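*Asks:* quick one: sequence plus predicted model below, questions after.
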Amino acid sequence: MAPSFDFSDWWAKETRKGTPVIVKMENPNYSLVEIDSPDAAFGQVDKDRGKNAKQFTWVLLLRAHRAVGCLAWVAGVLWALLGAIKKRLFFHQGVAMETEKSSKGRLLFRVIRGFLVISLAALLFEVFAHLNGWHFQRPDLHIPQTAEIEGWLHMVYLSWLSLRADYIAPPIQALSNFCVVLFLIQSVDRMILCIGCFWIRYKKIKPRIKGDPFKSEDAEVPGPEYPMVLVQIPMCNEKEVYEQSISAVCQIDWPKDRLLIQVLDDSDDESVQWLIKGEVSKWNQKGVNIIYRHRLVRTGYKAGNLKSAMSCDYVKDYEFVAIFDADFQPNPDFLKQTVPHFKDNPELGLVQARWSFVNKDENLLTRLQNINLCFHFEVEQQVNGVFLNFFGFNGTAGVWRIKALEESGGWLERTTVEDMDIAVRAHLNGWKFIFLNDVKVLCEVPESYEAYRKQQHRWHSGPMHLFRLCLPAIITSKITIWKKANLVLLFFLLRKLILPFYSFTLFCIILPLTMFVPEAELPLWVICYVPVFMSFLNILPAPKSFPFIVPYLLFENTMSVTKFNAMVSGLFQLGSSYEWVVTKKAGRSSESDLIAAAERDSKPFSHPQLHRGASESELSELNRLKEQLEAPSPVKKTNRIYMKELALAFLLLTASVRSLLSAQGIHFYFLLFQGVTFLLVGLDLIGEQMS
């Protein structure tokens with residue numbers, strides 16, 4: 001039922017004391033007496049006995065104080081929200097409106113805005129009908145009614161009911177049923193993944209290293225034998241994280257003559273280039289085999305950068321390549337935990353490690369991302385790795401066999417998900433993958449909604465673009481039919497296309513429409529029970545995040561707008577499908593990094609010894625640039641306004657008001673909280689602000 005706003009019962013409520021008693025007398029002169037409470041037995045005179053006017057006044061004052069406190073809290077929340085809206089909408093200083101780059105994005109906003117206008121008009125009409133005592137259920141339209149009796153407006157309302165029931169409700173109900181079926185299929189897939197994860201934990205299944213991995217098979221070669229490993233660090237204008245990333249990679253425990261580090265810099269900022277060159281020079285002077293590469297022609301984004309580096313002549317001397325993005329900080333034993341898995345396993349092409357986040361507790365946005373990524377690694381990647389020997393390469397924190405890269409066609413610049421591209425092609429060529437859940441590499445998650453939104457757009461548009469390109473190769477490949485089905489139906493369609501489609505369509509479009517078209521119904525279990533259960537499963541790999549299960553559910557529905565728009569852009573190759581924006585990073589360091597930095601600062605430090613071979617003018621210029629970039633500049637932080645999210649917020653809030661009139665309680669609460677979540681996201685009130 002709809003929530004009741006009548007506080008009279010709550011105001012006059014008294015706490016009952018005692019237990020109801022039934023007294024039965026054997027003497028027929030007496031009858032049965034049922035006593036519900038002491039007041040029922042002794043009447044009003046005994047109830048008020050001992051209470052004077054002063055005590056009664058104090059009781060009223062206490063209740064009034066409690067009511068005023070509740071109203072003050074609600075008013076404070078509304079006042080803060082209205083203040084934020086006023087700041088975003090009326091104070092134009094520091095407010096940047098969202099610019100829709102793709103025609104599809106503008107079209108989606110127009111569709112949502114059209115739904116909003118129609119919903120507002122329908123709400124006004126329905127409120128007028130409600131005030132006039134007209135019922136929302138469809139009446140018997142065959143009874144002749146005249147304008148003199150009911151009025152012409154009532155006739156219009158009856159015509160609307162007939163149109164709604166006969167022509168509008170059936171297609172909405174059909175689309176709703178279709179989305180519910182997709183929702184159930186995706187939920188079953190997620191449950192199967194969770195069962196597989198529980199089985200892995202129960203049986204303690206994980207890849208293990210057999211024997212001494214570095215023992216030489218040649219008896220004439222004394223000591224351990226280490227393979228040649230190439231480490232690549234692609235980056236582009238990463239002034240916040242370049243230093244800690246290069247420092248962590250250069251401290252990897254591996255023989256120096258068997259290791260080469262490539263810093264692949266695509267920066268177009270000359271000051272950042274100088275800083276990265278200085279950092280490379282510093283570690284080079286310490287005896288680390290590290291080189292700096294910069295491309296003059298920056299094509300193909302990260303894929304083009306990696307492809308250019310693999311074309312060097314000296315790469316043929318190396319057997320494996322490890323890749324780390326600019327914000328990743330591997331432990332010194334990373335190669336010793338990953339490379340040995342390749343020994344005596346010639347079919348193994350990739351070893352992928354898990355990500356761990358240094359800023360997962362920074363704000364609400366990072367906590368919600370941690371829930372998603374923990375489920376992705378511990379459930380999706382681990383289960384697929386154990387039972388299928390295949391999963392999508394995460395683009396970093398992994399070690400490739402160079403032969404597998406070359407036989408699969410190398411890095412291609414055709415999509416923005418070059419990691420998934422090379423993984424699919426390697427799988428089609430018969431290479432196997434291993435995921436190591438217990439090997440973790442520190443990194444960052446985006447702290448601002450703008451950065452997270454752009455990252456998610458790339459992660460959801462790229463797979464659909466890749467699906468169009470890879471489908472012919474998948475169909476004509478020589479792998480088994482069930483592997484083809486897994487790639488097409490599960491890997492691409494179910495987890496990359498169906499999930500954002502039904503999430504946006506069902507919870508952001510169909511659910512509000514059912515409030516205005518009650519003939520098309522959504523079952524309660526679709527709105528409440530199944531989503532809560534699925535959110536509970538998603539949060540199990542991160543049990544400390546259990547208090548955030550409700551914000552997680554609401555935020556995932558909010559992100560479905562961005563994911564749906566990205567999916568459509570990639571599927572139909574629209575303008576934004578091949579758009580790469582470097583994710584903004586804050587340069588967070590782990591506790592061990594901070595301790596190591598403090599120890600380095602406490603030691604005597606000499607710049608001339610650190611940069612031997614560099615002139616005094618170069619050193620002074622490098623130090624000046626570093627101080628200039630690291631100095632805190634008074635940059636005013638700005639917020640953006642996301643029009644699609646705001647339009648959906650008002651659409652959902654309008655539908656929640658309409659649900660009150662039709663007495664649908666759980667629908668009201670869901671629409672209300674979901675609308676408020678869209679409003680907060682649309683006003684950029686989640687995560688850190690963008691500078």
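*Replies:* Perfect, thanks for sending it.
*Asks:* same question for the longest strand belonging to the chain, mean pLDDT?
*Replies:* Secondary structure of the chain per DSSP state E: the longest strand is strand 432-443. Confidence over strand 432-443 (mean pLDDT, whole number) is 97.
*Asks:* following element in sequence after it, please.
*Replies:* helix 449-476 (DSSP states H and E).
*Asks:* what is that following helix packed up against?
*Replies:* Packing contacts for helix 449-476, counted by 3 or more CB pairs under 8 Å, 6 or more residues apart in numbering; DSSP states H and E, involve helix 364-375, helix 418-428, helix 549-571. Every C-beta, even on glycine, is put in place using the N, C-alpha and C of the backbone.
*Asks:* looking at the ones you listed, which one is packed in the most?
*Replies:* helix 418-428 (a mean of 24; mean count of other CB atoms under 10 Å).
*Asks:* now do that one against helix 449-476, angle only.
*Replies:* Helix 418-428 runs at 20 degrees relative to helix 449-476, counting by axes from the mean of the first three to the mean of the last three CA atoms, to 10 degrees.
*Asks:* so Arg367 touches Ser545, yeah?
*Replies:* Yes: between Arg367 and Ser545 there is a contact under CB atoms under 8 Å: 5.9 Å.
*Asks:* list the residues that contact Thr415.
*Replies:* 303, 421, 462, 465-466, 469, 578 (CB atoms under 8 Å, 6 or more residues apart in numbering).
*Asks:* quick revisit: got the buried residues for the longest strand of the chain?
*Replies:* 432-437, 439-443 (16 or more other CB atoms under 10 Å).
*Asks:* residue ranges with poor pLDDT in the stretch 551-691 of the chain?
*Replies:* 575-577, 588-639, 663-664, 689-691 (pLDDT under 70).
*Asks:* I misspoke; the intended subject was the chain.
*Replies:* Ranges of the chain meeting pLDDT under 70: 1-56, 74, 77-78, 81-105, 135-150, 216-223, 575-577, 588-639, 663-664, 689-691.
*Asks:* any chance you could map the strands in it?
*Replies:* Here the chain has its strands, by DSSP E, at 21-23, 33-35, 95-97, 229-235, 259-265, 290-294, 320-323, 348-357, 398-401, 432-443, 639-641.
*Asks:* can you redo the ones you listed as CSV with distance to Asn384?
*Replies:* Formatted as CSV, these follow (distance: least, CB to CB, whole Å):
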stretch, distance to Asn384
strand 21-23, 64
strand 33-35, 65
strand 95-97, 40
strand 229-235, 25
strand 259-265, 29
strand 290-294, 34
strand 320-323, 20
strand 348-357, 10
strand 398-401, 14
strand 432-443, 8
strand 639-641, 36
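*Asks:* to Phe501, which of those strands lies closest?
*Replies:* Of all the strands of the chain, it is strand 639-641 that lies closest to Phe501, at 25.8 Å by CB to CB.
*Asks:* next one: Arg495 from Lys336, what distance?
*Replies:* Applying CB to CB, to the nearest Å, the value for Arg495 to Lys336 is 33 Å.
*Asks:* burial check on Leu494, number of neighbours?
*Replies:* 18 (other CB atoms under 10 Å).
*Asks:* typed the wrong thing, it's Val180
*Replies:* 18.
*Asks:* Provide a list of residues in contact with the residue with the shortest distance to the centre of the chain.
*Replies:* Geometric centre of the chain, nearest residue: Gln369, 4.9 Å, by CA atoms, centre = their mean. Gln369 makes contact with 357, 360, 445-446, 452 under the criterion CB under 8 Å, 6+ apart.
*Asks:* between the residues you listed, identify the one with the most neighbours.
*Replies:* Sorting the contacts of Gln369 by how many neighbours each has (other CB under 10 Å) puts Val445 first, at 26 neighbours.
*Asks:* look up phi and psi at that residue.
*Replies:* When read as degrees, to the nearest 10, the backbone of Val445 gives phi -110, psi 150.
*Asks:* I'd say it and Asn372 touch.
*Replies:* No: contact criterion CB under 8 Å: Val445 and Asn372 do not qualify, at 9.4 Å.
*Asks:* I'd like to know how many residues surround the nearest residue to Val280 once chain neighbours are set aside.
*Replies:* Using CB to CB, 6 or more residues apart in numbering and skipping residues adjacent in sequence, the residue nearest Val280 is Tyr292, 4.4 Å away. Residues contacting Tyr292 under the criterion other CB under 10 Å number 18.
*Asks:* likewise Arg468?
*Replies:* 15.
*Asks:* next, the contact list for the nearest residue to Pro207 once chain neighbours are set aside, please.
*Replies:* Spatial nearest neighbour of Pro207, chain neighbours left out: Ile434 (4.9 Å); criterion: CB to CB, 6+ apart. With contact taken as CB under 8 Å, 6+ apart, Ile434 is in contact with 207, 341, 348, 350-352, 385, 389.
*Asks:* now which of those would you call buried?
*Replies:* 207, 341, 348, 350-352, 385, 389.
*Asks:* of those residues, which is the nearest to Asp189?
*Replies:* For the buried ones among the contacts of Ile434, the nearest to Asp189 is Gly385 (16.6 Å; CB to CB).
*Asks:* tell me the contacts of that closest one?
*Replies:* 352, 391, 433-435.
*Asks:* roughly how far does it sit from Cys470?
*Replies:* According to CB to CB, Gly385 and Cys470 sit 20 Å apart.
*Asks:* Glu378 now?
*Replies:* From Glu378 to Cys470 the distance is 27 Å (CB to CB).
*Asks:* give me the more crowded residue out of these two.
*Replies:* Under the criterion of other CB under 10 Å, the comparison of Glu378 against Cys470 puts Cys470 first, with 22 against 19.
*Asks:* just confirm the more buried one contacts Ala423, I think it does.
*Replies:* No: if you go by CB under 8 Å, Cys470 and Ala423 don't touch, sitting 10.6 Å apart.
*Asks:* before we move on, back to that, and the contacts of Thr415, which are buried?
*Replies:* The neighbour-count test (16+ other CB under 10 Å) applied to the contacts of Thr415 identifies 303, 421, 462, 465-466, 578 as buried.
*Asks:* can you count the residues close to Ser267?
*Replies:* A total of 21 residues lie near Ser267 under the criterion other CB under 10 Å.
*Asks:* now it: closest residue in space that isn't a chain neighbour?
*Replies:* Nearest residue to Ser267 in three dimensions, chain neighbours excluded: Asn237, at 4.7 Å (CB to CB, 6+ apart).
*Asks:* sorry, back to before: redo the helices and strands packed on helix 449-476 as a markdown table? Include distance to Cys194.
*Replies:* Compiled in a markdown table, the helices and strands packed on helix 449-476 are given as follows (distance: least, CB to CB, whole Å):
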| stretch | distance to Cys194 |
| --- | --- |
| helix 364-375 | 9 |
| helix 418-428 | 23 |
| helix 549-571 | 15 |
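*Asks:* out of these, which comes closest to Leu513?
*Replies:* So among these, helix 549-571 is nearest, using CB to CB, at 15.6 Å.
*Asks:* picking up where we left off before, of the contacts of Gly385, which is the nearest to Asn486?
*Replies:* Within the contacts of Gly385, the smallest distance to Asn486 is 10.8 Å, found for Phe391 (CB to CB).
*Asks:* list the contacts of the nearest residue to that closest one once chain neighbours are set aside.
*Replies:* The shortest distance from Phe391 to any non-neighbouring residue, by CB to CB, 6+ apart, is to Asn384 (4.1 Å). Asn384 makes contact with 390-391, 435 under the criterion CB under 8 Å, 6+ apart.
*Asks:* now Asn384: how far from Arg458?
*Replies:* Asn384 sits 22 Å away from Arg458, going by CB to CB.
*Asks:* Phe320 too?
*Replies:* In this view, Phe320 and Arg458 are 27 Å apart by CB to CB.
*Asks:* what do you get for Asn557?
*Replies:* Separation of Asn557 from Arg458 (CB to CB) stands at 21 Å.
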